[in-house]
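> mind folding the following:
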Amino acid sequence: MKKTLYSLMLSDDVMREIDALAHRMGTNRSNLVNMILAERVEMQTPEQQISDIFSEIERLLSASRELVPFFTPNAQRVAVRSSLEYKYRPTLRYEVELASGFVPGEPIGTLTASFRTQSQGLLELLGRFFRCLGRIEERTLPIGVAYSIENGRFTRELSYPVKRSGSGGSSALDANEISRAITDYVSLIDKMLKACVGGADSQTLADMYSADLEKRAVLI
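Sure thing, here's the model as predicted:
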């Protein structure tokens, strides 16, 4: 959403309360005023869309024993923590960051997986897993996505959501559908990764991915 600088004449008392409320909400004056005006004219800002998506991800994961979400209102990212059954139970952190405004045909954000471990053996295993995942998706996923693996961090683009249909086209998606697609994808990656650490081979991982893909209503 394009933004332009405007000048407004507002009372000092109003701005004092706006600044105080913005501080409590973890945002800034301009964003809060934009949100208030958008609500008044019944529009949704990109920031509100992101907040709705992350709030729904938090709700969807609330009953999970494997994934624990950490979401700060008015932020453009949400973190999800997991742990591995590997010696001292190292922690994994999945972080979803979304762009401010979704443009059809362009990525809506990124998913990053990072690992708190000093074990070189585990880092090598995780690296092999994510390279394997990339190959599986290149063969199986009907949309293109970009990946990078660097310094114990795996980053994957989240493509513009495509709703699967008989015509192969896409249609507008609401926040709940996007939230479900992201949550299901992070859950799948976590299950596959834990299976890999448990000894699953590449064919087993490919079968897990293919079985999940058949059930997906939205591709990202």
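> contacting residues around residue 100?
Shown in contact with residue 100 (C-beta atoms under 8 Å, 6 or more residues apart in numbering): 1, 46, 47, 50, 76. (C-beta placed from N, C-alpha, C; glycine too.)
> okay, it: pLDDT?
Looking at residue 100, its pLDDT reads 83.
> just to be sure, it is in a strand?
No - counting by DSSP: H, G, I helix; E, B strand; the rest coil, residue 100 falls outside a strand, being coil.
> so where is this protein shaky, pLDDT-wise?
1-2, 42, 165-172 (pLDDT under 70).
> about what we covered before: which among the contacts of residue 100 end up buried?
46, 47, 50, 76 (16 or more other C-beta atoms under 10 Å).
> got TSV for these, with secondary structure and distance to residue 40 too?
Listed next are the buried ones among the contacts of residue 100 as TSV, based on DSSP: H, G, I helix; E, B strand; the rest coil; distance: C-beta to C-beta, whole Å:
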residue	secondary structure	distance to residue 40
46	helix	17
47	helix	16
50	helix	20
76	coil	23
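> for the residues you listed, which two are the farthest from each other?
46 and 76 (9.2 Å; C-beta to C-beta).
> and for these two, which residues touch both?
What both residue 46 and residue 76 touch, as defined by C-beta under 8 Å, 6+ apart, is the set 99, 100.
> any buried residues in the longest helix seen in the chain, and which?
Assignment by DSSP state H gives helix 175-197 as the longest helix of the chain. Buried residues in helix 175-197, counting neighbours by 16+ other C-beta under 10 Å, are found at 175, 177-190, 192-194, 196-197.
> one more: stretch 23-39?
Buried, per 16+ other C-beta under 10 Å, within stretch 23-39: 27, 31, 32, 33, 34, 35, 38.
> which one of the residues you listed is nearest residue 15?
residue 33 (9.4 Å).
> how about residues contacting the helix or strand hosting that closest one?
Using DSSP states H and E, residue 33 falls within helix 29-40. By C-beta under 8 Å, 6+ apart, the residues outside helix 29-40 that reach it are 3, 15, 18-19, 21-22, 25, 27, 44-45, 47-48, 74.
> mind running it again at 10 Å?
The contact list for helix 29-40 (C-beta atoms under 10 Å, 6 or more residues apart in numbering) reads 1, 3, 5-6, 8, 10, 14-15, 18-19, 21-25, 27-28, 43-48, 51, 74.
> try stretch 54-61
67-78, 80, 96, 98, 174-180, 182-184, 186-187.
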